[in-house]
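Asks: Below are the sequence and a predicted model; questions follow.
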Amino acid sequence: MTRPDADVLVVGGGVGGVAAALAAADAGATVILTETTRWIGGQFTAQAVPPDEHPWIEQFGGTASYRRFRDAVRKHYRTWYPLAEKARSALYLNPGNGAVSALCHEPRVALAVLQSMLAPHQRAGRLVIYTELTPHDVRRDGSTITSVGFRYADGSDWWLSGHFVLDATETGELLPLAGIPYVTGTESAADTGEPDAPEIGDPQMMQGFTVCFAMDHIAGENHVIDRPEQYDRWTAAGAPVRAAPQIGWPKPSADPAERTRRVLRPNPDPATDSKVIVSASHQGRFGDNGDYSPIEDIWRFRRLVARGNFEPAPPSDITLINCSANDYIAGSIVDVEPEVAAANLQGARQLSLSFFYWLQTEAPRADGGTGFPGLRLRGDVTGTSDGLAMAPYIREGRRLRALETITQNDIAASVRGVAGAREYHDSVGIGSYKIDLHPSTRGGERKYDPAWPFQIPLGALLSSEVGNLVAAAKNIGTTHITNGCYRVHPVEWNVGEAAGALAAFCVATGTDPVGVRESPARLTEFRRTLIARGVELAWPRVAAY
């Protein structure tokens, strides 16, 4: 089946893809946006992950359109939800009072807001959105992508084309299909010059991906699921990759000073459940009751609904589980045989179900008992029948071999000292997040490294191999190490927005992306369009850790 061309074809409807489509359509370009799942929004929606954000997000450090999205989420709750007066009047309403962000919200609310932001362009005929389309082929004519082949949910094949093609997929899927050089896994220190890079790189050592799930707790009821098929695999000693079981934690310590381990305390009393505010990239500076660290409180860390914010109060909070216990590190789904990818994806689903079952049946309670049978999966929240997220949260996929590669040497406080992050002449946005590497396949350990608030160089979005392709999500020119801070929601949004604005600029001016970067006059002109959109290109000098 053949579909009409557009000025801009955005492949992947996640955070970056939506921002790209919005920016290109805002500039008057015609846009086709495709998405593999039923929901646009990626991390916000199909993956069900509340936003990871820096502590200044309410004042600066995000684009104007990202801020409009956040404002619209709060307005949606104030308009349609029965909020308690204290929540309704809060300047920075946080529906879930989660610690990970100053704005933890339900996936369906994000979906509704994103759809409403794009709706005017759909009505005007500038934007067409296709869901349940998976890219499987790319046609090239020399250094130009001419069309992208998709497989629809019913098995039919579609071919779509655009003058410019934006890869906003979750794993950089167009890169191998188009024969564009890319990197996966760890690079060697010789390749990147990074002090923490390994001596020998490993393309399959990637951060674990996670099938998140939403749950609540109804005291006195029994919602225990069937024992998952792979339960023993994840609870036994010698679980894949790790020497110890992946699922489980010790009983709570009687010593309050040691109560910093991950705990489960369903539905804390709203009267004493202090509002947890976002800290500087989860550095541990949270307001709380003082007897344990909320970064280890899996109930409140990514809570989507806090009962105390609503009147009448629902019977339970709703929380989203995305933690080391359900990070899948037994293998990747990138650049492996299809049957291996399918097995690993199924393994990740089984791991999450096994963790949930363990919480229901074996998790130690503060009263000395075990298990929380009242825990209930909330498929109505995730849009699925089983309560698991519609799509896995993928921290790391393919990364473009770009004109500019951002390394640890450019942003890490351990390397830069007091100098701050490297400044780029071609900055197209900013972000802030620590270098946060989750445990990886093949034994890669968790790593934290404070990073200075950083810029996004245009060169990281561009390849010398194909002139009309722009990276528009987490597939930009980072390393395994720096991917750990460029993967979060506001950064991916900024990358996508810059990519969409660039494509529209090239359409309007008859230029190409690499040519824009190489021409000082064109680059200045383009960066002025970004500033006019409300994209911040540099950090205020007051922003520092």
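Replies: It's in.

Asks: and the gap between residue 359 and residue 98?
Replies: 18 Å (C-beta to C-beta, to the nearest Å). Heads up, the C-betas are built off the backbone N, CA and C, glycines and all.

Asks: neighbours of residue 136, just the number please.
Replies: 12 (other C-beta atoms under 10 Å).

Asks: give me phi/psi at it?
Replies: With angles defined as degrees, to the nearest 10, residue 136 shows backbone torsions of phi -140, psi 0.

Asks: Measure how far the helix or strand residue 190 falls within is from the centre of its chain, please.
Replies: Element membership for residue 190 (DSSP states H and E) is helix 189-192. Centroid separation for helix 189-192 versus its chain: 27 Å, with C-alpha atoms, centre = their mean, to the nearest Å.

Asks: try stretch 29-42
Replies: On C-alpha atoms, centre = their mean, the centre of stretch 29-42 falls 16 Å from the chain's centre.

Asks: Format the CA atom coordinates belonging to it as PDB.
Replies: C-alpha atoms of stretch 29-42 as PDB (Å, rounded to 0.1, in the frame of the first residue of the first chain):
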ATOM      1  CA  ALA A  29       5.700  21.700   7.000                       C
ATOM      2  CA  THR A  30       3.500  18.700   6.200                       C
ATOM      3  CA  VAL A  31       4.300  15.800   8.400                       C
ATOM      4  CA  ILE A  32       3.600  12.100   8.700                       C
ATOM      5  CA  LEU A  33       4.200  10.600  12.200                       C
ATOM      6  CA  THR A  34       4.300   6.800  12.700                       C
ATOM      7  CA  GLU A  35       4.300   4.800  15.900                       C
ATOM      8  CA  THR A  36       4.700   1.100  16.500                       C
ATOM      9  CA  THR A  37       2.200   0.900  19.400                       C
ATOM     10  CA  ARG A  38      -1.400   2.100  19.800                       C
ATOM     11  CA  TRP A  39      -0.300   5.100  21.800                       C
ATOM     12  CA  ILE A  40       1.900   8.000  20.800                       C
ATOM     13  CA  GLY A  41       4.000   9.400  23.600                       C
ATOM     14  CA  GLY A  42       6.700   6.700  24.300                       C
END
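
Asks: Just the buried positions in that stretch, please.
Replies: 29-37, 39-42 (16 or more other C-beta atoms under 10 Å).

Asks: and that stretch, average pLDDT?
Replies: In this model, stretch 29-42 carries a mean pLDDT of 98.

Asks: likewise stretch 301-318?
Replies: Mean predicted confidence for stretch 301-318 is 96.

Asks: For it, measure first residue to last.
Replies: End-to-end distance for stretch 301-318, by C-alpha to C-alpha, to the nearest Å: 11 Å.

Asks: what's next to the helix holding residue 190, contact-wise?
Replies: 195, 197, 198, 199, 201, 405, 407, 408, 479, 481 (C-beta atoms under 8 Å, 6 or more residues apart in numbering).

Asks: try 7 Å
Replies: Here helix 189-192 makes contact (C-beta atoms under 7 Å, 6 or more residues apart in numbering) with 197, 198, 199, 201, 407, 479.

Asks: Show me just the buried residues among those.
Replies: Among the contacts of helix 189-192, the ones that count as buried (16+ other C-beta under 10 Å) are 197, 201, 407, 479.

Asks: Looking at those residues, which two lie furthest apart in space?
Replies: For the buried ones among the contacts of helix 189-192, the farthest-apart pair by C-beta to C-beta is 201 and 407; their separation is 13.3 Å.

Asks: For these two, list the residues in contact with both.
Replies: Contacts common to residue 201 and residue 407, judged by C-beta under 7 Å, 6+ apart, are absent.

Asks: So for the lowest-mean-pLDDT helix or strand in the chain, what gets flagged as buried?
Replies: When each helix and strand of the chain is scored by mean pLDDT, DSSP states H and E, strand 447-449 comes last, with a mean of 86. The neighbour-count check on strand 447-449 (16+ other C-beta under 10 Å) flags 447, 449 as buried.

Asks: now that strand, how far from the chain's geometric center?
Replies: 18 Å.

Asks: which strands and helices sit next to it?
Replies: strand 435-437 (3 or more C-beta pairs under 7 Å, 6 or more residues apart in numbering; DSSP states H and E).

Asks: which other residues reach the strand it packs on?
Replies: With C-beta under 7 Å, 6+ apart, strand 435-437 has contacts from 207, 412, 446, 447, 448, 449, 451, 481, 482, 484, 485.

Asks: pretty sure the last one is in a helix, no?
Replies: Yes. Per DSSP: H, G, I helix; E, B strand; the rest coil, residue 485 lies within a helix segment.

Asks: Which helix in the protein has the most residues?
Replies: helix 338-361 (DSSP state H).

Asks: residues near the nearest residue to residue 534 once chain neighbours are set aside, how many?
Replies: Counting by C-beta to C-beta, 6 or more residues apart in numbering, residue 64 is the residue found nearest to residue 534 once chain neighbours are left out, at 2.4 Å. Neighbours of residue 64 under the rule other C-beta under 10 Å: 13.

Asks: How about residue 327?
Replies: Around residue 327 sit 22 other residues, with neighbours defined as other C-beta under 10 Å.

Asks: For the longest helix of the chain, buried residues please.
Replies: Buried-residue list, helix 338-361, by 16+ other C-beta under 10 Å: 344-345, 347-361.

Asks: Quick check: pLDDT value at residue 175.
Replies: pLDDT, residue 175: 98.

Asks: Contact partners for the closest residue to it other than its chain neighbours?
Replies: Distance criterion C-beta to C-beta, 6+ apart; nearest residue to residue 175, sequence neighbours excluded, is residue 182 at 4.2 Å. Going by C-beta under 7 Å, 6+ apart, residue 182 touches 172, 175, 398, 399, 400, 401.

Asks: Same check on residue 5?
Replies: So residue 5 contacts 161, 162 (C-beta under 7 Å, 6+ apart).

Asks: Reformat the buried ones among the contacts of helix 189-192 into CSV and put distance to residue 246 next to each item.
Replies: Converted to CSV, these look like this (distance: C-beta to C-beta, whole Å):
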residue, distance to residue 246
197, 26
201, 26
407, 31
479, 27
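
Asks: Check the residues you listed against residue 216 and report the nearest one.
Replies: The closest of the buried ones among the contacts of helix 189-192, once distances to residue 216 are taken by C-beta to C-beta, is residue 479, at 39.2 Å.

Asks: May I have the phi/psi pair for that closest one?
Replies: phi -100, psi 170.

Asks: That one is in contact with residue 410, isn't it?
Replies: No. Applying C-beta atoms under 7 Å as the test, residue 479 and residue 410 come out as separate, 9.7 Å apart.

Asks: ok, how many other residues are close to residue 467?
Replies: If we define neighbours as other C-beta under 10 Å, then residue 467 has 18 of them.

Asks: no, scratch that, I was asking about residue 177
Replies: Residue 177: 20 neighbours (other C-beta under 10 Å).
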